[in-house]
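Novice: Make a model of this:
(one chain, ligands or ions: 1)
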Amino acid sequence: MHPVAPLTRQEALVSWRAFCPVVTSYASARNRVQAGHGNVSLLGASIRFRTLLEDEVISETLAQHSYQVAEKWLQEVCWRRYWKGWLDMRPQVWTQWRQRVRSLPQQLPAETLARARAVMSGESGVACMDLIARDLIETGYLHNHTRMWWAGFWIHVEKLPWELGADFFFRHLLDADPASNTLSWRWVAGLQTPGKCYLVRLSNIEKYAPDYLSGNAAGSERLADGAVVASVIEDFGDVGKKMPAQYPTALGQNSRRTGLWLHPDDLTPEIGPLTDLAPVSIAACLSDHVYSEFYQLSSQRIASLHTVLVDGLARAAAHYACPSVALAAEHPVAGLCSWVREHELAEVVAFAPMVGPVHDMLPRLRASFESMGTRLTLIRRASDATAFSFATAGFFPFWEKMSRHLKQLPLS
Ligand SMILES: Cc1cc2nc3c(=O)[nH]c(=O)nc-3n(C[C@H](O)[C@H](O)[C@H](O)COP(=O)(O)OP(=O)(O)OC[C@H]3O[C@@H](n4cnc5c(N)ncnc54)[C@H](O)[C@@H]3O)c2cc1C
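Specialist: Numbers count the residues shown, from 1 in each chain. Next up, the predicted model:
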């Protein structure tokens, strides 16, 4: 039986409370891939959409465990913020990836595309890799190690373009995250850390997934240690650091008619800098057209987005004691503009979107709001601003600063 990843805040809190005591064995157990995935949290989707906050996870971890015991767990929870901060300084890496996802199908030979489709459908002929592809399609979840193996297989064994493999993950993973997904694929490809890529090895699969994946050995000779030769991959675009946008971390004085816009980068407005907002209306965009036509997300992924957005709206409506609405306009900008008009909003407040799909529509949204005389105020959590400021180089310099910061946090 497949585990169910928690999505709503209530489900996430129940799962997290059950997992928090197990954090003590996370460092030694994490890398094993086992049926049911009891050794990892399955909290990816709730953390990605922030129906559960990293800040809560970190403070409860430190309240229950010593830093030494919990360090590996804290490190993994902070990896996501590291990737987010890294991408925040290089938004073009996301844009270039999306452009390649759109252009490659027109440029690649038909047989490469046919092979890519077969590998994605779980018909590569390498039984354990096919099981992983089918697992992803069926459940929307993969353990970290299987993500690494499959990405390594796609890039270095099948010699397929990393961009299309990353897109397959992005369309199916319920926790699909523009930063963690794109940058982890780049890391496997050898683009993220100079001179380092990730090669899949049969001995590693046999060690970490004995029963789960190695039952059928068909095709496994292609993964034999020493048989896999790293693909040499070039970076096509610019990966230079840019000055990231700066956002306020607190609300200013406001007596205007204000709406709260909720989007999938942060769905717990009741905790943090927006807690004291007094909106007259709350809205979120369901945007199925964009999800299915532009990003071609799986129906399971679209359904999970609906679940988290509806959950966020319901909690926000209760917290702010005001009506909320799920906008179903074909384009989110059009939906938000009608909402602004209908409620005569002078200001819309939201969490600052992270680099990714919501962030991409900001220029159009700003221009439309400006033409209506409505102010858009974007707020960043102070804890994100701090973590992002540490993510200027590799993960280990980031972690040095982050761990020093975590050790100074007041215990809740
Ligand atoms: C090729 C590839 C693609 C990936 N794509 C995504 C993605 O789209 N979205 C995503 O959230 N993670 C992604 N990851 C990172 C990681 O695999 C998942 O976060 C993790 O497996 C989620 O499952 P979990 O919640 O059970 O993990 P746990 O081990 O329980 O980890 C707890 C939390 O820590 C964070 N985390 C753990 N490991 C990592 C990591 N290596 N990088 C970043 N954050 C981490 C996540 O928020 C996770 O929920 C990817 C990794 C690889 C190798």
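
Novice: What helix or strand is the residue lying closest to residue 221 once chain neighbours are set aside located in?
Specialist: Spatial nearest neighbour of residue 221, chain neighbours left out: residue 227 (7.0 Å); criterion: Cβ to Cβ, 6 or more residues apart in numbering. C-betas here are computed from N, CA, C, even on glycine. Using DSSP states H and E, residue 227 is not contained in any helix or strand.

Novice: Quick check: residue 227 vs residue 399, distance?
Specialist: 34 Å (Cβ to Cβ, to the nearest Å).

Novice: Report the buried residues of stretch 290-297.
Specialist: Residues of stretch 290-297 classed as buried: 290-291, 295, 297 (neighbour count, 16 or more other Cβ atoms under 10 Å).

Novice: ah, wrong one, I meant stretch 393-410
Specialist: 395, 398-399, 402, 406.

Novice: Kindly report the same for stretch 184-203.
Specialist: Buried positions in stretch 184-203, judged by neighbour count with 16+ other Cβ under 10 Å: 184-192, 197-202.

Novice: which residues of the protein fall in strands?
Specialist: Ranges of strands in the chain, per DSSP state E, are 258-262, 281-285, 324-327, 347-351, 375-379.

Novice: residues in the chain within reach of the ligand, list them.
Specialist: Proximity of the chain to the ligand (Cβ under 6 Å from any ligand atom) is limited to residues 30, 40-44, 47-48, 76-77, 79-80, 83, 143-144, 147-148, 151, 169, 173, 175-177, 180-181, 184-185, 188.

Novice: give me that answer again for 5 Å
Specialist: Within the chain, the positions adjacent to the ligand are 40-44, 47-48, 76-77, 79-80, 144, 147-148, 151, 173, 175-177, 180-181, 184 by Cβ under 5 Å from any ligand atom.

Novice: Which among the residues you listed count as buried?
Specialist: 40-44, 47-48, 77, 79-80, 147-148, 151, 173, 175-177, 180-181, 184.

Novice: which among the buried residues of stretch 393-410 gets closest to the ligand?
Specialist: residue 395 (9.4 Å; Cβ to the nearest ligand atom).

Novice: hang on, that closest one packs against residue 76?
Specialist: No. Contact criterion Cβ atoms under 8 Å: residue 395 and residue 76 do not qualify, at 10.9 Å.

Novice: Give me the contacts around the lowest-mean-pLDDT helix or strand in the chain.
Specialist: The weakest-scoring helix or strand in the chain, judged by mean pLDDT, DSSP states H and E, is helix 288-289 (a mean of 82). Applying Cβ atoms under 8 Å, 6 or more residues apart in numbering, the external contacts of helix 288-289 come out as 302, 328, 330-331.

Novice: Switch the residues you listed over to TSV; also include neighbour count and pLDDT.
Specialist: Shown next, in TSV, are those (neighbours: other Cβ atoms under 10 Å; pLDDT from 0 to 100):
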residue	neighbour count	pLDDT
302	16	95
328	11	91
330	11	87
331	15	91
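
Novice: Determine which two of those are furthest apart.
Specialist: 302 and 331 (15.9 Å; Cβ to Cβ).

Novice: Centroid-nearest residue for this protein?
Specialist: residue 177 (2.0 Å; Cα atoms, centre = their mean).

Novice: any idea how far that one lies from residue 94?
Specialist: 11 Å.

Novice: Quickly list what's touching both of these two.
Specialist: Common neighbours of residue 177 and residue 94 (criterion: Cβ under 8 Å, 6+ apart): residue 356.

Novice: just to revisit the earlier point, and the pLDDT at the residue nearest to the centre of the chain?
Specialist: pLDDT, residue 177: 98.

Novice: Can you tell me the closest non-neighbouring residue to it?
Specialist: Distances taken as Cβ to Cβ, 6+ apart place residue 48 nearest to residue 177, at 4.8 Å, with adjacent residues excluded.

Novice: nearest spatial neighbour of residue 356, skipping sequence neighbours?
Specialist: Using Cβ to Cβ, 6+ apart, the closest residue to residue 356 is residue 178 (3.3 Å).

Novice: Tell me which residues touch that neighbour, please.
Specialist: 87, 94, 170, 354-357.

Novice: Could you rank those by neighbour count and give me the top one?
Specialist: residue 354 (27 neighbours; other Cβ atoms under 10 Å).

Novice: isn't that residue right up against residue 91?
Specialist: No. Contact between residue 354 and residue 91 fails when scored by Cβ under 8 Å: they sit 9.7 Å apart.

Novice: Tell me which residues touch residue 278, please.
Specialist: Taking Cβ under 8 Å, 6+ apart as the test, what residue 278 contacts is 258, 320.

Novice: Distance of residue 192 relative to residue 75?
Specialist: Remark: distance between residue 192 and residue 75 (Cβ to Cβ) = 17 Å.

Novice: measure residue 6 to residue 211 for me?
Specialist: The gap separating residue 6 from residue 211 is 25 Å, by Cβ to Cβ.

Novice: Which one's more surrounded, these two?
Specialist: For residue 6 versus residue 211, the count of surrounding residues by other Cβ under 10 Å is larger for residue 6: 23 against 9.

Novice: For that one, grab phi and psi.
Specialist: phi -70, psi 140 (degrees, to the nearest 10).

Novice: Tell me how far it lies from residue 229.
Specialist: In this view, residue 6 and residue 229 are 40 Å apart by Cβ to Cβ.

Novice: For the stretch 151-300 of the chain, which segments are assigned as helices?
Specialist: Along the stretch 151-300 of the chain, counting by DSSP state H, counting those that start in this stretch, helices occupy 162-172, 178-189, 202-208, 288-289, 299-320.

Novice: ok, now which ones touch the closest residue to residue 298 other than its chain neighbours?
Specialist: The shortest distance from residue 298 to any non-neighbouring residue, by Cβ to Cβ, 6+ apart, is to residue 172 (4.9 Å). Residue 172 makes contacts with 136-137, 140, 298, 300-301, as judged by Cβ under 8 Å, 6+ apart.

Novice: quick one: contacts for residue 41?
Specialist: Neighbours of residue 41 in contact, by Cβ under 8 Å, 6+ apart: 15-16, 19.

Novice: Where do the domain boundaries of the protein fall?
Specialist: 9-88+391-408, 91-223, 258-379 (automatic domain parsing).
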